[in-house]
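> I'll drop the sequence and a predicted model, then ask my questions.
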Amino acid sequence: MNSHTRSYGNYGQRFEGSTSPTIKNPSTQVQQNTQFNDRDRLNDMLATEKWLTDGFNVFAREASHQTLHNDVMHILNETHQAARDVFNLMFEKGWYSLHPEQPSQVSKEYQKFQGYESQFPQEQRTPPYESGGMYQPRQF
Amino acid sequence: MYRQGYSQQYRMNQPPRVLSTKDCAYLTDALSWELLAAKKAYFLASQCSDQQIKHQLEQISQLHQTHYDILLNQLNTSEHDHDHFNYQSYRQ
């Protein structure tokens, strides 16, 4: 949806304490005064969507019968999508920046948690990410 | 499924399609959230100068109206299994 201005942004900016470039688009300018601006409006809507996902998460968990649960799960999922859409639009406008973790740090953590797999109480029957290894809901 | 009649042997393996008091309370809460969100998104859209942002907010307003109708439909008693045999027996 936001394809026309997408780029991996301004590599000139650096995050303090990191040698990696900041991932950020050039900021779209908004009036910086006491007036509520377009950036404030998107931020406000994002906060609302985040708040709604919390509410619907609890509702989905507490729902009694299956049809109600399914409907609430559907709404929860679409509310997450709406929050993502707002977030992506804000990123596109250059109002969000990301700081990549050091690859050496990532691989250190990978090795650490790979080691913890030895603590699995059950043998892994199917390779991860492969269908068939997924949790099967109870059938009625 | 559970429509086998109430007997000593029979157990329901999941709740019947009946709204509980808690379901009803959550539904009315959620309906208010969705109505507010739909109105808010539409209001914010109307104030926008950026057309892309305006369009996104209008889409979101529509989404919340759709969600409102899904929830409202759950309050429509014709959707429920109030003739459910077990339910009748609990109601007395």
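Sure, I can see it. Computed from a prediction, not measured in an experiment: that's the story for all the values here.

> quick one: the helices in chain B, in order.
B:21-47, B:51-75, B:85-91 (DSSP state H).

> looking at the ones you listed, spot the one closest to residue A:25.
When the helices of chain B are compared by CB to CB, helix B:51-75 sits nearest residue A:25, at 13.3 Å. Backbone N, C-alpha and C define where each C-beta goes, glycine included.

> for that closest one, which outside residues touch it?
Here helix B:51-75 makes contact (CB atoms under 8 Å, 6 or more residues apart in numbering or on different chains) with A:2, A:38, A:41-42, A:45, A:49, A:67-68, A:71, A:74-75, A:78-79, A:82, A:85-86, A:89, A:93, B:19, B:23-24, B:27-28, B:30-31, B:34-35, B:37-39, B:41-42, B:44-45, B:48, B:79.

> buried ones among the residues you listed?
Neighbour-count burial (16 or more other CB atoms under 10 Å in any protein chain shown) applied to these gives A:38, A:41-42, A:45, A:49, A:68, A:71, A:75, A:78-79, A:82, A:85-86, A:89, A:93, B:19, B:23, B:27, B:30-31, B:34, B:37-38, B:41-42, B:44-45, B:48.

> for whatever helix or strand residue A:110 lives in, buried residues please.
Element membership of residue A:110 [criterion: DSSP states H and E] is helix A:103-116. Going by neighbour count (16+ other CB under 10 Å), nothing in helix A:103-116 comes out as buried.

> okay, helices next: where are they in chain A?
Using DSSP H, helices in chain A cover A:38-62, A:66-92, A:103-116.

> roughly how far does the residue nearest to the spatial centre of chain B sit from residue A:30?
Geometric centre of chain B, nearest residue: residue B:71, 2.4 Å, by CA atoms, centre = their mean. For residue B:71, the distance to residue A:30 equals 35 Å [CB to CB, to the nearest Å].

> could you do residue B:22 as well?
In terms of CB to CB, residue B:22 sits 44 Å off from residue A:30.

> who's more crowded, these two?
Each of residue B:22 and residue A:30 has its neighbours counted (other CB atoms under 10 Å in any protein chain shown); residue A:30 has more, 16 against 12.

> surely that one meets residue A:42?
No. Applying CB atoms under 8 Å, one finds residue A:30 not in contact with residue A:42, separated by 10.0 Å.

> need the pLDDT of the most centrally placed residue in chain A.
Most central residue of chain A, judged by C-alpha distance to the mean C-alpha position with CA atoms, centre = their mean, is residue A:84 at 7.0 Å. Residue A:84 carries a pLDDT value of 98.

> in a markdown table, list the helices of chain B along with mean pLDDT.
Shown next, in a markdown table, are the helices of chain B (pLDDT from 0 to 100):
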| stretch | mean pLDDT |
| --- | --- |
| helix B:21-47 | 98 |
| helix B:51-75 | 98 |
| helix B:85-91 | 52 |
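
> any chance of those helices in TSV, plus distance to residue A:122?
TSV is the format used below for the helices of chain B (distance: least, CB to CB, whole Å):
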stretch	distance to residue A:122
helix B:21-47	36
helix B:51-75	39
helix B:85-91	38
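
> out of those, which is closest to residue A:53?
helix B:21-47 (10.9 Å).

> do the closest one and chain A come into contact?
Yes. Judged by CB under 8 Å from any CB of the partner chain, helix B:21-47 comes into contact with chain A through B:22, B:23, B:26, B:29, B:30, B:33, B:37, B:40, B:41, B:44, B:47.

> for chain A, what lies in contact range of chain B?
A:2, A:28, A:36, A:38, A:41-42, A:44-45, A:48-49, A:52, A:55-56, A:59, A:62-68, A:71-72, A:74-75, A:78-79, A:82, A:85-86, A:89, A:93, A:140.
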